[in-house]
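> Provided below for reference: sequence and predicted model.
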Amino acid sequence: MGVWMHSVAAAWFMTTLTPSPLFVALLQTATSLPVFLLGLPFGALADLLDRRLLVIISQGWLLIATGLLTFLTLTNLANPWLLLALTFVIGIGVALVSPVWQAVTPELKNPNELGSAIAINSLGFNITRAAGPAVGGLIVAATGPGYVFLLDGIVFFIALVLVLRWKREAHSNEGPNEHFTGAIRAGIRYIRFSPVLRSMLVRTFVFIIFASGLWTLLPVVASKGLKLEASGLGLLQGCLGVGALIAALILPPLKERFTIDHLVAAGTVVFALSVLALALLDSLLLLIPVLIAGGVGWLVVTSLLNFAAITYAPKWVQARALAIYLLVFQGGLALGSFIWGLVAENFGSPFALAITAAGLALGLFTMLRWRLQRGLSLDLRPSLHWPAPDVAEEPDLEEGPVLVTVEYRIKPEDGHDFAGAMFKLARARRRIGAARWDLYRDPCNPGRYIESFVVESWAEHLRQCQRMTMTDRAIEEKTFAFHTGEAPPVISRFVAARTYYYRTNRTYK
């Protein structure tokens, strides 16, 4: 609520400081840029550090930045550059706390209630998105922007007090701790080799880039098309919030009867029809139920996509997956807002809204290839079936790279099916840390195959053993079933010799 109130107050305040449209546009850039620059690094921090501590730091950061902005505004010392700078600083705090807030949601609820918890979280986001600008606008009109910034500071202080009272259970990580840059690479690698998370990101981007048209052009339709004042715009935005509340109430029973893909498709159709109606209707009374329905569709789609972002990644990489989801979400909003604003400026708002509605409808075809339902079958519990290697001489944690080989003996006639199963296993190996993977066959000894994969260091290999999930284990067991030897497949590990020579102060040539 505080962030959304700040957005409208800062935009109005900028218009009083300078008549330049460029500065007003840069204000949105200053708000969104921290997510693009810092979203993934902050997501990595949320996986590496104590999440409660990060929330405390972010709320303290927001409190200090908002307090400084309040002081400068009330003392008439603010200028356009200071407002841009402090808005960017506040955006940094929001970028830090956003993946952390969502990543702690599974810790606060029973796993069976996670879907409802995420829906309630999305409900709060969407209600405040609708009500925040309206409330902020009323306070600005009555008292000025300085008191909105003051109220923001009070909100951040309350949040800080609540988090300080939260007694989070200690969460210990198995295996050696990750380095910051390595954690970022691991997060990107996991997304790259996770089909269900890639499907979620594609569906998110396709929906958001078109859905942003409603949020971008609703103020234009209200002011120019319907000739409404600020209170009228607040009413329309409030209708979206009412729809979101209705959706939060009906979504849990709907999830028990329909698949996630069907619900996302239905929500998209409802939202697309609402956007089309906004383009065609010029009656406030008719638009009220239309926007309530639009709020239902918006929350159904966004809460289910958010649910997928949280539940389709194991705990060790959860915040990084959420950070990438938020980056795609915010990036789609920013890009879509620019595109549909440009289209509306040249061809009119009704035309732009009609195009976005058509785009939402065409976006449903993405469901044919990128399905979300597959993610519900994942078992992301740690399998722990790869024990720590039993070595005669323990390598240093940073020694590497490490080559791991697995030797199989299979029936020669099963070679084609075995290779197909192995390539599914390859994605699992790459998700949990393999930088490179290959499968070799022995032409001199048909039926002999060598699987090899490389990880960055010995520490990363130890972490890899801890990251394997029950789903990964099931994939591995299907490949091991092709093995015909009396003993299990032979697993061997090799550490790059040059790092050993460096460690023992020997000359390596």
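Great, that's in hand. Numbers count the residues shown, from 1 in each chain.

> Quick check: residue 389 is in a helix.
No. Residue 389: not assigned to a helix; according to DSSP: H, G, I helix; E, B strand; the rest coil it is coil.

> any idea how far residue 482 is from residue 83?
65 Å (CB to CB, to the nearest Å). For every residue, glycine as well, the C-beta is placed using N, CA and C.

> Comparing those two, which residue is more hemmed in?
Taking neighbours as other CB atoms under 10 Å, residue 482 and residue 83 compare with residue 83 leading, 24 against 20.

> Confirm for me that that one is in contact with residue 11.
No. At 10.0 Å, residue 83 and residue 11 do not qualify as touching, with contact defined as CB atoms under 8 Å.

> what sits in contact with each of these two?
Shared contacts of residue 83 and residue 11, defined by CB atoms under 8 Å, 6 or more residues apart in numbering, comprise residue 27.

> For the stretch 151-300 of the chain, which segments count as helices?
180-192, 195-220, 230-257, 260-280, 284-311 (DSSP state H, counting those that start in this stretch).

> okay, those in CSV with mean neighbour count next?
As requested, the helices of the stretch 151-300 of the chain are exported to CSV (neighbours: other CB atoms under 10 Å):
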stretch, mean neighbour count
helix 180-192, 18
helix 195-220, 22
helix 230-257, 18
helix 260-280, 21
helix 284-311, 23
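
> To residue 464, which of those helices lies closest?
For residue 464, the closest of the helices of the stretch 151-300 of the chain is helix 180-192, at 9.8 Å, according to CB to CB.

> Can you spell out which helices and strands pack onto that closest one?
helix 21-48, helix 195-220, helix 318-347, helix 415-431 (3 or more CB pairs under 8 Å, 6 or more residues apart in numbering; DSSP states H and E).

> Alpha carbons only: can I get that helix in CSV?
Extracted C-alpha coordinates of helix 180-192, given in CSV (Å, rounded to 0.1, in the frame of the first residue of the first chain):
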residue,chain,number,x,y,z
PHE,A,180,27.4,-15.3,-4.5
THR,A,181,28.4,-15.4,-8.1
GLY,A,182,28.2,-19.1,-8.2
ALA,A,183,24.7,-18.9,-6.7
ILE,A,184,23.6,-16.6,-9.5
ARG,A,185,25.0,-19.0,-12.2
ALA,A,186,23.3,-21.9,-10.5
GLY,A,187,20.0,-20.1,-10.5
ILE,A,188,20.2,-19.3,-14.2
ARG,A,189,21.3,-22.8,-15.0
TYR,A,190,18.4,-24.3,-13.0
ILE,A,191,15.8,-22.2,-14.9
ARG,A,192,17.5,-23.0,-18.2
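
> Give me the angle between that helix and helix 21-48.
100 degrees (axes from the mean of the first three to the mean of the last three CA atoms, to 10 degrees).

> pLDDT of helix 180-192, averaged?
Helix 180-192 carries an average pLDDT of 88.

> For the helix or strand containing residue 89, what is the distance to the chain centroid?
Using DSSP states H and E, residue 89 maps to helix 80-103. Distance of helix 80-103 from the chain centroid (CA atoms, centre = their mean, to the nearest Å) equals 16 Å.

> likewise stretch 370-383?
Worked out by CA atoms, centre = their mean, stretch 370-383 lies 17 Å from the chain centre.

> Return the set of buried residues in it.
The neighbour-count check on stretch 370-383 (16 or more other CB atoms under 10 Å) flags 370, 371, 372, 375, 378, 380, 382, 383 as buried.

> Kindly indicate which of the residues you listed lies nearest residue 460.
For the buried residues of stretch 370-383, the nearest to residue 460 is residue 382 (16.4 Å; CB to CB).

> For the most centrally placed residue in the chain, which non-adjacent residue is closest in space?
Per CA atoms, centre = their mean, the C-alpha nearest to the average position across the chain is that of residue 325, at 2.2 Å. Excluding its sequence neighbours, the residue lying closest to residue 325 (CB to CB, 6 or more residues apart in numbering) is residue 309, at 3.9 Å.

> Kindly report the same for residue 88.
residue 30 (4.3 Å).

> wait, doesn't residue 70 sit right on residue 156?
No. Assessed by CB under 8 Å, residue 70 is found out of contact with residue 156, at 11.1 Å.

> any idea which helix or strand carries residue 396?
With DSSP H and E as the test, residue 396 turns up in no helix or strand.

> Now do it against residue 301, distance only.
Per CB to CB, residue 396 is found 49 Å from residue 301.

> Now render the buried residues of stretch 370-383 as TSV, adding distance to residue 217, pLDDT and secondary structure.
Formatted as TSV, the buried residues of stretch 370-383 follow (distance: CB to CB, whole Å; pLDDT from 0 to 100; DSSP: H, G, I helix; E, B strand; the rest coil):
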residue	distance to residue 217	pLDDT	secondary structure
370	27	91	coil
371	31	90	coil
372	28	89	coil
375	33	84	helix
378	38	87	coil
380	40	88	coil
382	47	87	strand
383	49	87	coil
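
> export the residues you listed to TSV and tack on distance to residue 471?
Shown next, in TSV, are the buried residues of stretch 370-383 (distance: CB to CB, whole Å):
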residue	distance to residue 471
370	19
371	16
372	16
375	10
378	5
380	7
382	11
383	8
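
> Tell me the one of the residues you listed nearest residue 264?
residue 372 (6.5 Å).
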